[in-house]
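*Asks:* for reference, the sequence and a predicted model appear below.
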Amino acid sequence: MDLNFNKNEDHNKLQLSDLKRRLAKVKLGGGKGRIEKHHAKGKMTARERIDYLLDEGANSIEIGAFAGEEMYQEHGGCPSGGVVVKVGYVKGKQCVVVANDATVKAGAWFPITGKKNLRAQEISIENKLPIIYLVDSAGVYLPMQDEIFPDKEHFGRIFRNNAIMSSMGITQIAAVMGSCVAGGAYLPIMSDEALIVDKTGSIFLAGSYLVKAAIGESIDNETLGGATTHSEISGVTDYKAKDDKDALDKIKNIVDKIGDFDKAGFSRSESKKPIENPDDIYGILPRSRSDQYDMLEIIKRLVDDSEFEQYKEGYGKTILTGYARIDGWAVGIVANQRKVVKTKNGEMQFGGVIYSDSADKATRFIANCNQKKIPLVFLQDVTGFMVGSKSEHGGIIKDGAKMVNAVSNSVVPKFTVVVGNSYGAGNYAMCGKAYDPRLIVAWPSAELAVMSGNSAAKVLLQIEKASLEKSGDPLDSEKEKALFDEIKQRYDNQISPYYAAARLWTDGIIDPLDTRKWISMGIEAANHSPIEKPFNMGVLQV
């Protein structure tokens, strides 16, 4: 191994250590003190409930672990969005599990909490996966009610989805394991089956204080909406559990009886590990996002047997396309090549840039995968489309539009991994969040923005300089440098993968070595949902 490889490896492993440190902090939710108070009530935490529910030793993936990261600081923060979401296995059956974290503001719903719950439902709907809600929430966080209450993608959309999912035949099971008040009370009761834990679970549209204020009736919460009331008087719930574990055991028994599903029929053979050492990824991936490297070497360390059958290998070289298997599943890979390449005409093309020929190649390959019913995997390290008179005269906008069209209309499931840069229209063409990937994850090395921090700072600095010069207050070189550094620092914070993950622009930040697991579980989930419409790209400017 050369010195550069070792330096890259050290840098990337430090980033991985930072990821693990941040995850450990997130997993504490509202903190150790609140966890202890939670335990004192005889309750398990959200993460403990999920761990107990999911099959021991089986794979699972967590969606939106960093949701809310460094957001709402004036309100005390909202670790993980106050809700834990995992895709895993219950009695061998793949499910989505959603658990309110009552150690974070009593499980109250912040705007990001609503967005994360809707993302969990979206995964369930797209893949027709059973979804299990472990409810323990004080309802909408009132100081921010205007940002979560009335809009299409706010709190109420969840109950609309409950109804739609039920009509689709998607199993929904809810366990009321703590508070379940006001509008939130509809979620468990709009599920197919509802459980409630004795003494700790409660469901009511208005608690005892509000009842007293509204109609003058004096009643305690347990009598108003506790487990006995709803299991034996109102009939609102279907099962009464003596404690958290009893409720979770009942859920396991219910899931165990669910029948098999229709399959999409994606190709899977015996899983094989890559021949090339996946650990090498840390040394191949450069420290700087502007440095060149061979994406083919990354692919060889992600796919079974390190076998990658390239499509149009000698054409459109700044995008790699080809067929492979990941954990046995057949996939079509579309990846940005990050090294400078030479065309047949002897011209040099920049790595990470999409040219007309590479966009044309990717479009054709995406169409082929749709025809063959092969899931698509996008590996992003893209700075955007090529600019300049030669590209414009050659129709780069037309070729880029064709690629975006193919990605948009693709009917096979798509999975996106942000390896490095994800800038501008390149993010769109390479299946960014707006283009409905079934799952989208970032490596710690990722950057998501309109352009790089350095480029953006230069543009914004020029605008600021022109404004100051007009006002008769030009910058000297020292002030110019200080302003550039200030703008770049602000912009760099926003292109961080943690900034993106906090806002659910990605489903998570992962160790590169977990990529195979995420894609494999994602395709397994997608295989629950047969493709219902043909691939059609509509009208194209050919």
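*Replies:* Sure thing, it's come through. Numbering: from 1, shown residues only.
*Asks:* make it CA atoms for all contacts and neighbour counts henceforth
*Replies:* OK.
*Asks:* where in the stretch 1-150 of the chain is pLDDT low?
*Replies:* Applying pLDDT under 70 to the stretch 1-150 of the chain flags the ranges 1.
*Asks:* okay, helices next: where are they in it?
*Replies:* For the stretch 1-150 of the chain, helices defined by DSSP state H, counting those that start in this stretch occupy the ranges 3-26, 32-40, 46-53, 111-127.
*Asks:* mind listing what's buried in the shortest one?
*Replies:* So the one you mean is helix 46-53. Ala46, Arg47, Arg49, Ile50, Leu53 (16 or more other Cα atoms under 10 Å).
*Asks:* tell me which of these is nearest to Glu217?
*Replies:* Ala46 (33.7 Å; Cα to Cα).
*Asks:* ok, that closest one - contacts?
*Replies:* Val83, Val84, Ala99, Asn100, Asp101, Ala102, Leu134 (Cα atoms under 8 Å, 6 or more residues apart in numbering).
*Asks:* related to what we said a few turns ago, can you list the helices of the stretch 1-150 of the chain in a markdown table and add distance to Ile298?
*Replies:* What follows is those, written out as a markdown table (distance: least, Cα to Cα, whole Å):
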| stretch | distance to Ile298 |
| --- | --- |
| helix 3-26 | 13 |
| helix 32-40 | 40 |
| helix 46-53 | 32 |
| helix 111-127 | 28 |
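*Asks:* among those, which is the most enclosed?
*Replies:* Burial among the helices of the stretch 1-150 of the chain, expressed as mean neighbours by mean count of other Cα atoms under 10 Å, is greatest for helix 111-127, which shows a mean of 22.
*Asks:* what is that one packed up against?
*Replies:* strand 83-90, strand 93-100, helix 156-167, helix 515-526 (3 or more Cα pairs under 8 Å, 6 or more residues apart in numbering; DSSP states H and E).
*Asks:* with mean neighbour count and distance to Leu248 added, can I get those in TSV?
*Replies:* As requested, these are arranged in TSV below (neighbours: other Cα atoms under 10 Å; distance: least, Cα to Cα, whole Å):
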stretch	mean neighbour count	distance to Leu248
strand 83-90	25	10
strand 93-100	24	12
helix 156-167	17	21
helix 515-526	21	22
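*Asks:* so which of the ones you listed is nearest Ala335?
*Replies:* Among the helices and strands packed on helix 111-127, helix 515-526 sits nearest to Ala335 (Cα to Cα), with 14.3 Å.
*Asks:* and the helices in the stretch 251-400 of the chain?
*Replies:* Using DSSP H, counting those that start in this stretch, helices in the stretch 251-400 of the chain cover 281-284, 295-300, 356-372, 389-393, 396-409.
*Asks:* returning to what we had before: tell me which of the helices of the stretch 1-150 of the chain sits nearest to Asp151.
*Replies:* helix 111-127 (11.0 Å).
*Asks:* CA atoms of that closest one as CSV?
*Replies:* Listed in CSV are the C-alpha atoms of helix 111-127, where the atom choice follows Å, rounded to 0.1, in the frame of the first residue of the first chain:
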residue,chain,number,x,y,z
PRO,A,111,-42.1,19.1,12.6
ILE,A,112,-39.2,16.6,11.9
THR,A,113,-41.1,13.9,13.9
GLY,A,114,-44.0,14.2,11.5
LYS,A,115,-41.7,14.1,8.5
LYS,A,116,-39.9,11.0,9.8
ASN,A,117,-43.2,9.2,10.6
LEU,A,118,-44.4,9.9,7.1
ARG,A,119,-41.1,8.5,5.7
ALA,A,120,-41.7,5.3,7.7
GLN,A,121,-45.2,5.0,6.2
GLU,A,122,-43.8,5.7,2.7
ILE,A,123,-41.4,2.8,3.1
SER,A,124,-44.2,0.6,4.2
ILE,A,125,-46.5,1.7,1.3
GLU,A,126,-43.9,1.4,-1.4
ASN,A,127,-42.8,-2.0,-0.3
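*Asks:* which element follows the helix or strand of the chain with the lowest mean pLDDT toward the C-terminus?
*Replies:* Comparing helices and strands within the chain by mean pLDDT, DSSP states H and E singles out helix 453-470 as the least confident, with a mean of 77. Next helix or strand after helix 453-470 toward the C-terminus (DSSP states H and E): helix 477-495.
*Asks:* average pLDDT for that following helix?
*Replies:* For helix 477-495, mean pLDDT is 81.
*Asks:* list the buried residues in that helix.
*Replies:* Glu480, Leu483, Phe484, Asp485, Ile487, Lys488, Tyr491, Asp492, Gln494, Ile495.
*Asks:* which strands and helices sit next to that helix?
*Replies:* strand 447-449, helix 453-470.
*Asks:* what's around Thr506, how many residues?
*Replies:* 27 (other Cα atoms under 10 Å).
*Asks:* hmm, it is touching Ala500, no?
*Replies:* Yes - the pair Thr506 / Ala500 is scored as a contact, 6.3 Å apart, by Cα atoms under 8 Å.
*Asks:* low-confidence stretches in the stretch 401-542 of the chain?
*Replies:* Checking the stretch 401-542 of the chain against pLDDT under 70 turns up 540-542.
*Asks:* tell me the residue furthest from the middle of the protein?
*Replies:* Residue farthest from the centre of the chain, counting by Cα atoms, centre = their mean, is Gly472 at 47.9 Å.
*Asks:* what's the distance between that residue and Phe484?
*Replies:* 19 Å (Cα to Cα, to the nearest Å).
*Asks:* quick check, Met177 in a strand?
*Replies:* Yes - Met177: assigned to a strand according to DSSP: H, G, I helix; E, B strand; the rest coil.
*Asks:* mind listing what it touches?
*Replies:* Met177 touches Leu134, Val135, Asp136, Ile196, Val197, Thr200, Gly201, Ser202, Asp244, counting by Cα under 8 Å, 6+ apart.
*Asks:* the residues you listed into CSV, with extra columns for neighbour count and distance to Ala264?
*Replies:* Output for the contacts of Met177, formatted as CSV (neighbours: other Cα atoms under 10 Å; distance: Cα to Cα, whole Å):
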residue, neighbour count, distance to Ala264
Leu134, 27, 29
Val135, 29, 32
Asp136, 28, 35
Ile196, 32, 35
Val197, 25, 37
Thr200, 20, 41
Gly201, 25, 39
Ser202, 28, 40
Asp244, 25, 36
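*Asks:* which single one of the residues you listed is nearest to Ala213?
*Replies:* Nearest to Ala213 among those: Ser202, at 19.5 Å, using Cα to Cα.
*Asks:* I'd like the helices and strands packed on helix 111-127 laid out as JSON lines, including distance to Asp260.
*Replies:* Output for those, formatted as JSON lines (distance: least, Cα to Cα, whole Å):
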{"stretch": "strand 83-90", "distance to Asp260": "14"}
{"stretch": "strand 93-100", "distance to Asp260": "9"}
{"stretch": "helix 156-167", "distance to Asp260": "17"}
{"stretch": "helix 515-526", "distance to Asp260": "13"}
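*Asks:* I'd like to know which of the ones you listed lies nearest to Leu461.
*Replies:* helix 515-526 (38.1 Å).
*Asks:* what helices and strands are in contact with the closest one?
*Replies:* Looks like helix 515-526 contacts helix 111-127, strand 319-326, strand 414-423 (3+ Cα pairs under 8 Å, 6+ apart).
*Asks:* what angle separates that helix from strand 83-90?
*Replies:* Here helix 515-526 points in a direction 80 degrees away from that of strand 83-90 (axes from the mean of the first three to the mean of the last three Cα atoms, to 10 degrees).
*Asks:* show me the contact partners of helix 515-526.
*Replies:* Contacts of helix 515-526 (Cα under 8 Å, 6+ apart): 59, 61, 94, 126-129, 264, 302-303, 326-327, 329, 375, 413, 415, 417, 438-439.
*Asks:* buried ones among these?
*Replies:* 61, 94, 127-129, 264, 302-303, 326-327, 329, 375, 413, 415, 417, 438-439.
*Asks:* show me the contacts for Lys257.
*Replies:* Contacts of Lys257 by Cα under 8 Å, 6+ apart: none found.
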